[in-house]
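In: what would the 3D arrangement of this be:
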Amino acid sequence: MKLILLAAAAALFTGPAMAQSPLPDVPTLAGATSAPDCGNLYGLAGKAFCVSAPLAGIGALADAYVAELEGRGWLAAGGDANRVVFVKRREGGGCDGLQMQAFYDTSRPAGPEATGYLGFGLIPGDVCAAGEPGAAADAPQP
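Out: Predicted coordinates for the structure are as follows:
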């Protein structure tokens, strides 16, 4: 299941399947500024919901978003140093997926006052399905 989640997450920010309107389940928290253009980085404008903050505080802001999303029923199910993949059981079966990705403009100096970003996007499809469409995999229970 982790491979399915990570493969879906990898495709999320690199492919057209990510195109989503801003997510109603992701608020702009204190300390964050809405960044609809996603810093004009990685082609995310119009494909993800993004917020910005000084790079020095992006880790703490990411932690606040993890807590906020967990409070909204999302379960952190995987990721790496700059990404968290969340899952949420659907009432009718299966799971929705959401990815939070931290990034900054690597063409500029990465000092503490540089602008950092958190991008959020839905992972298309049922992230709990394995192999064939409709086949349920063991998924974390929220």
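In: and residue 67, what are its phi and psi?
Out: phi -60, psi -40 (degrees, to the nearest 10).
In: report the beta-bridge partners for residue 101.
Out: residue 83, residue 119 (DSSP bridges).
In: hang on, it packs against residue 80?
Out: No - taking contacts as C-beta atoms under 8 Å, residue 101 lies outside contact range of residue 80: 9.9 Å. C-beta coordinates here come from the backbone N, C-alpha and C atoms, glycine included.
In: more neighbours: those two, which one.
Out: Set residue 101 next to residue 80 and count neighbours by other C-beta atoms under 10 Å: residue 101 wins out with 24 against 10.
In: so how far is residue 100 from the residue lying closest to residue 102 once chain neighbours are set aside?
Out: Excluding the flanking residues, the one nearest residue 102 by C-beta to C-beta, 6 or more residues apart in numbering is residue 82, at 4.5 Å. Separation of residue 82 from residue 100 (C-beta to C-beta, to the nearest Å): 9 Å.
In: residue 71 too?
Out: With C-beta to C-beta as the criterion, residue 71 and residue 100 are 14 Å apart.
In: these two: which has the busier surroundings?
Out: Shown here are residue 71 and residue 100; by other C-beta under 10 Å, residue 100 has more neighbours (24 against 8).
In: give the contact list for the closest residue to that one other than its chain neighbours.
Out: Nearest residue to residue 100, sequence neighbours excluded (C-beta to C-beta, 6+ apart): residue 84, at 4.7 Å. Residues near residue 84 by C-beta atoms under 8 Å, 6 or more residues apart in numbering: 62, 66, 76, 78, 99-100.
In: what separates stretch 95-102 from the chain centre, distance-wise?
Out: 4 Å (C-alpha atoms, centre = their mean, to the nearest Å).
In: same check, this time on stretch 62-74
Out: 11 Å.
In: please renumber the chain so that the first residue is 547 from this point on.
Out: OK, 547 is where the count begins now, so the last one is stretch 608-620.
In: for the spatially closest residue to residue 572 that is not a sequence neighbour, the count of nearby residues, please.
Out: Nearest non-adjacent residue to residue 572, counting by C-beta to C-beta, 6+ apart: residue 666, 4.8 Å away. Residues near residue 666, counting by other C-beta under 10 Å, number 23.
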